[in-house]
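K.L.:
The amino acid sequence is not available; the structure is as follows:
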């Protein structure tokens, strides 16, 4: 008898910087979620779609890292993460290969114990540990929740990708596809452009400045000959001193941010990009509900 197709929504949870976005990009096979070593890299729920026309379809929800909220933006991010767990047919919990279970993990454990869908523990970054250390990590985590499966992976080194996909499929319900097989994300090109600019800023800037920035895209238009897309965008920050840091001496930092973003945007759009960046100050925008909404951080559906 031929196997029936599986389809469902899978939420990826974990502390900041554990590799959620890297893993999702690996599974999808292209860059959708932005990545950096800094906290608050992922701010929205990002839907991406993996389809195997012989096995099924997985709709991933990559969530902000679960952290204690320090402002309105933090509250929005926490709400996005928690609501995604409630929407899921299965949950992937990403941890690092360590025996230490800290406060961040304990808060996630508390939430996951209330979940009534399969929970798959994914131990990421196995390229950074020995087999013995991995075994110790599995032993430390295996009883903290009622896991449906435990899968060790390296999102960065592409280890055990297929095993993880097969494990997820195993725990999804039977059903038709939610999206056309060609779909890889619900995000618009404009939204991805905003995030790629923010990613470049996250990579270039130090300390607290990255946490206080947002990006808006005012114009994104392909020229009549179809060879170049012109993009005008603004980096929003909270302080005049931050504006100076973002621009840099003689505009060097802003140019550096723009160059990094342009390279990634060209890869995504597969065409030449003329990117112009500006910097504006919007004081304490992370505490303003109207600013959050205008910058694309909408209330949970």
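P.N.:
Looks like it came in fine. All values reported here derive from a predicted model rather than from experimental measurement.
K.L.:
which stretches of the stretch 201-301 of the chain form strands?
P.N.:
214-222, 228-237, 272-281 (DSSP state E, counting those that start in this stretch).
K.L.:
Pick the most buried one from the ones you listed.
P.N.:
Most buried of the strands of the stretch 201-301 of the chain, by mean neighbour count (mean count of other Cβ atoms under 10 Å): strand 228-237, with a mean of 20. The way it works is simple: take the backbone N, C-alpha and C, and place the C-beta from them, glycine included.
K.L.:
what are the ranges of the helices in the stretch 51-200 of the chain?
P.N.:
72-87, 103-112, 131-141, 161-170, 189-204 (DSSP state H, counting those that start in this stretch).
K.L.:
Pick the most deeply packed of these.
P.N.:
Mean neighbours per residue, mean count of other Cβ under 10 Å, is largest over the helices of the stretch 51-200 of the chain for helix 189-204, with a mean of 22.
K.L.:
which helices and strands does that helix pack with?
P.N.:
strand 214-222, strand 228-237, helix 252-269 (3 or more Cβ pairs under 8 Å, 6 or more residues apart in numbering; DSSP states H and E).
K.L.:
wait, which of the ones you listed is closest to residue 95?
P.N.:
Residue 95 lies closest to helix 252-269 among those, at 28.2 Å (Cβ to Cβ).
K.L.:
Now do that closest one and strand 272-281, the angle between them.
P.N.:
140 degrees (axes from the mean of the first three to the mean of the last three Cα atoms, to 10 degrees).
K.L.:
From the contact counts, what lies against helix 252-269?
P.N.:
Short answer (3+ Cβ pairs under 8 Å, 6+ apart): helix 252-269 packs on helix 189-204, strand 228-237, helix 240-247, strand 272-281.
K.L.:
would TSV of the ones you listed with mean pLDDT and distance to residue 85 be doable?
P.N.:
Formatted as TSV, the helices and strands packed on helix 252-269 follow (pLDDT from 0 to 100; distance: least, Cβ to Cβ, whole Å):
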stretch	mean pLDDT	distance to residue 85
helix 189-204	87	22
strand 228-237	94	30
helix 240-247	92	33
strand 272-281	95	35
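K.L.:
Adding distance to residue 48, write the ones you listed out as a markdown table.
P.N.:
As requested, the helices and strands packed on helix 252-269 are exported to a markdown table (distance: least, Cβ to Cβ, whole Å):
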| stretch | distance to residue 48 |
| --- | --- |
| helix 189-204 | 11 |
| strand 228-237 | 23 |
| helix 240-247 | 29 |
| strand 272-281 | 22 |
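K.L.:
lowest average confidence, helix or strand, in this structure?
P.N.:
Lowest by mean pLDDT, DSSP states H and E among the helices and strands of the chain is helix 72-87, with a mean of 58.
K.L.:
For residue 15, see how far away residue 95 is.
P.N.:
From residue 95 across to residue 15, the span is 8 Å (Cβ to Cβ, to the nearest Å).
K.L.:
any residues in contact with both of those two?
P.N.:
residue 105 (Cβ atoms under 8 Å, 6 or more residues apart in numbering).
K.L.:
sorry, back to before: can you say which of the helices and strands packed on helix 189-204 is nearest to residue 173?
P.N.:
helix 252-269 (32.4 Å).
K.L.:
in that closest one, what counts as buried?
P.N.:
253-254, 256-258, 260-262, 264-265, 269 (16 or more other Cβ atoms under 10 Å).
K.L.:
got the angle for it vs helix 240-247?
P.N.:
60 degrees.
K.L.:
What's the local residue count around residue 223?
P.N.:
12 (other Cβ atoms under 10 Å).
K.L.:
From residue 194, how far out is the closest residue to it other than its chain neighbours?
P.N.:
Spatial nearest neighbour of residue 223, excluding adjacent residues (Cβ to Cβ, 6 or more residues apart in numbering): residue 230 at 6.7 Å. Going from residue 230 to residue 194 by Cβ to Cβ gives 16 Å.
K.L.:
same deal with residue 87?
P.N.:
24 Å.
K.L.:
just residue 156 next, same as before
P.N.:
From residue 156 across to residue 194, the span is 25 Å (Cβ to Cβ).
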